[in-house]
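Undergrad: Structure for the following, please:
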Amino acid sequence: MDELRGDQAAWRFDGESIAIAYETKGWFKSPLLKLLGGLSVPLAAVEEVDFRPGAVRKGGWAMNLRLRERMDPYAAVGAMLDDRAQPFRLTGPASTELVAEYLADQVRFAAGQAGAPDGATPTALVPPLPLHVRTSEGTAHLDRGRLTLVWGGGHASGFKKKQQRREFDLADIAAVEWSPLDDWGWGFVRVITAGGTEQTAAKPRNDLNVLRAGEEGNEIHQVFLLAATVTAHVWARGARARLAPGPGGAPGDGRTGRDDDAWWRDTARSALDAVRRSALALNGSGDGIATAEGGGAGAAGGAAAGERRSSGDGRGGGADTAWIFEQIERLGELHAKGLLTDEEFSAKKAELLGRI
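TA: Residues are numbered from 1 along each chain as shown. The predicted model follows:
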């Protein structure tokens, strides 16, 4: 077993994984790495090893593990951490450069020989469940299948205290974003649901999908870990769904709508086509009737199937208001997924609202 000690941690390489033990002593050490304590990175999750001699002060070296797609929940949740808190980064003095470069070569070669990573791997790179986080605004509790936010801290708004709590099934969570401390000393974690019905326009102070964290202690690092942990478990759930046997028993047939990137791309095209066809119908350029294009019940891809010609007396004088709001909600899902830009979403929303 090869071992390399650096400024932030000690890495042990056994040919199949890298066990990382973070340095927790000293006030100058990263609070985030202190909370993590340690983790083990399977080589199958490693895409590349970036080794840079002379990259840090006094000619020291820096080594970074670049993980495969949907393997690094820390990089996925939002704003990047500073170098000192990167969990897959190690630095050391120039005197150990040759040893570090040798280990980098060994890891790089072994990662290239490793097979495909297990879909559950990200859950091994975050704190174990149950995870409990407390901030000056409230608490978050993550257990298998469910995330609960409770507002009762001294800095919780009256609106949130009145609502008391909100619960989310992991099956309903599309993404989690983390925002670092702003100029007012507040950061937060926000839950984005697949349904897109949350009040995303609300300020974090009154947003019921948000838990804020202040500058006290390690609050901001706790909510960052919460965001990464939820992301890891959402990814793992999606991977299980993709591998689940379908009706015919063949592996991979069980890939479900919201867990399938191709499904989302098809949904985006279907929803936008539905809006365009509706525009033609309202302008007298087409019959305005769309046929169902398949997809799961309640999916955004049903936008085309749910399209209507016009409301009321059949003279084409106005669009069906219920249908319009239904399409706006579906476009919101696509926007949250990142398949529509801000400009595309705003333009289509304005176009739809203009028909009421």
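Undergrad: Where does residue 171 sit: helix, strand or coil?
TA: Each residue gets one of three states, and residue 171 gets helix by DSSP: H, G, I helix; E, B strand; the rest coil.
Undergrad: Model confidence at it, what's the number?
TA: Residue 171 is assigned 90 on the pLDDT scale.
Undergrad: Repeat that for residue 254.
TA: Turning to residue 254, the model gives it a pLDDT of 45.
Undergrad: Check residue 283 too.
TA: In this model, residue 283 carries a pLDDT of 50.
Undergrad: how about residue 179, what does it touch?
TA: Residues near residue 179 by CB atoms under 8 Å, 6 or more residues apart in numbering: 78, 79, 187, 188, 189, 190, 204. The way it works is simple: take the backbone N, C-alpha and C, and place the C-beta from them, glycine included.
Undergrad: What is the neighbour count of the first one?
TA: To tie it back to what came earlier, the one meant is residue 78. Other residues within reach of residue 78 by the criterion other CB atoms under 10 Å amount to 20.
Undergrad: same check, this time on residue 205
TA: If you count neighbours by other CB under 10 Å, residue 205 ends up with 15.
Undergrad: In this protein, where's the longest strand?
TA: strand 46-56 (DSSP state E).
Undergrad: hmm, back to that, in a markdown table: the contacts of residue 179, plus distance to residue 7 and secondary structure.
TA: Compiled in a markdown table, those are given as follows (distance: CB to CB, whole Å; DSSP: H, G, I helix; E, B strand; the rest coil):
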| residue | distance to residue 7 | secondary structure |
| --- | --- | --- |
| 78 | 25 | strand |
| 79 | 23 | coil |
| 187 | 25 | strand |
| 188 | 30 | strand |
| 189 | 28 | strand |
| 190 | 33 | strand |
| 204 | 34 | coil |
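Undergrad: Can you say which two of these are spatially most distant?
TA: 79 and 204 (14.5 Å; CB to CB).
Undergrad: ok, the two, which is more surrounded?
TA: Applying other CB under 10 Å to residue 79 and residue 204 shows that residue 204 carries more neighbours, namely 18 against 10.
Undergrad: what's the more buried one in contact with, if anything?
TA: Listed by CB under 8 Å, 6+ apart, the contact partners of residue 204 are 179, 186, 188, 190, 210, 212.
Undergrad: Of those residues - the most surrounded one?
TA: Highest neighbour count within the contacts of residue 204: residue 212, with 26 neighbours (other CB under 10 Å).
Undergrad: what about the stretch 1-150 of the chain, any weak spots by pLDDT?
TA: Judged against pLDDT under 70, the low-scoring parts of the stretch 1-150 of the chain cover residues 1, 27, 79-80.
Undergrad: those helices in it, which residues are they?
TA: Assigned by DSSP state H, counting those that start in this stretch, the helices in the stretch 1-150 of the chain fall at 31-36, 73-76, 97-113.
Undergrad: wait, doesn't residue 16 sit right on residue 41?
TA: No: using CB atoms under 8 Å, residue 16 makes no contact with residue 41, being 10.2 Å away.
Undergrad: Tell me which of the two has more neighbours.
TA: residue 41 (24 against 11).
Undergrad: Surely the more buried one touches residue 18?
TA: Yes: under the criterion of CB under 8 Å, residue 41 makes contact with residue 18 at 4.7 Å.
Undergrad: which residues are common contacts for the two?
TA: Shared contacts of residue 41 and residue 18, defined by CB under 8 Å, 6+ apart, are found at residue 65.
Undergrad: Give me the distance between residue 194 and residue 172.
TA: 6 Å (CB to CB, to the nearest Å).
Undergrad: Kindly report the same for residue 354.
TA: Here the criterion is CB to CB. By it, residue 354 lies 31 Å from residue 172.
Undergrad: Which one's more surrounded, those two?
TA: Per other CB under 10 Å, whichever of residue 354 and residue 172 has more neighbours is residue 172, with 14 against 9.
Undergrad: pretty sure that one contacts residue 192?
TA: No: at 10.1 Å, residue 172 does not count as touching residue 192 under the criterion of CB under 8 Å.
Undergrad: Could you say which of the helices of the stretch 1-150 of the chain is packed most deeply?
TA: Scoring the helices of the stretch 1-150 of the chain by mean neighbour count under mean count of other CB atoms under 10 Å gives helix 73-76 as the most buried, with a mean of 22.
Undergrad: picking that back up, compute the inter-axis angle for the longest strand of the chain and helix 97-113.
TA: Taking axes from the mean of the first three to the mean of the last three CA atoms, to 10 degrees, strand 46-56 and helix 97-113 form an angle of 160 degrees between their directions.
Undergrad: quick one: strands adjacent to strand 46-56?
TA: Strand 46-56 has the following sheet partners, assigned by DSSP bridges: strand 60-67 (antiparallel).
Undergrad: for the closest residue to residue 116 other than its chain neighbours, what are its contacts?
TA: With sequence-adjacent residues excluded and distances taken as CB to CB, 6 or more residues apart in numbering, residue 116 is closest to residue 44, at 6.5 Å. Listed by CB under 8 Å, 6+ apart, the contact set of residue 44 reads 111, 114, 115, 116, 117, 118, 121.
Undergrad: For the residue minimising distance to the centre of the chain, which non-adjacent residue is spatially closest?
TA: In the chain, the C-alpha closest to the average C-alpha coordinate belongs to residue 175, at a distance of 3.9 Å (CA atoms, centre = their mean). For residue 175, the nearest residue in space outside its immediate sequence neighbours is residue 192; the separation is 4.5 Å by CB to CB, 6+ apart.
Undergrad: Many thanks, we can stop here.
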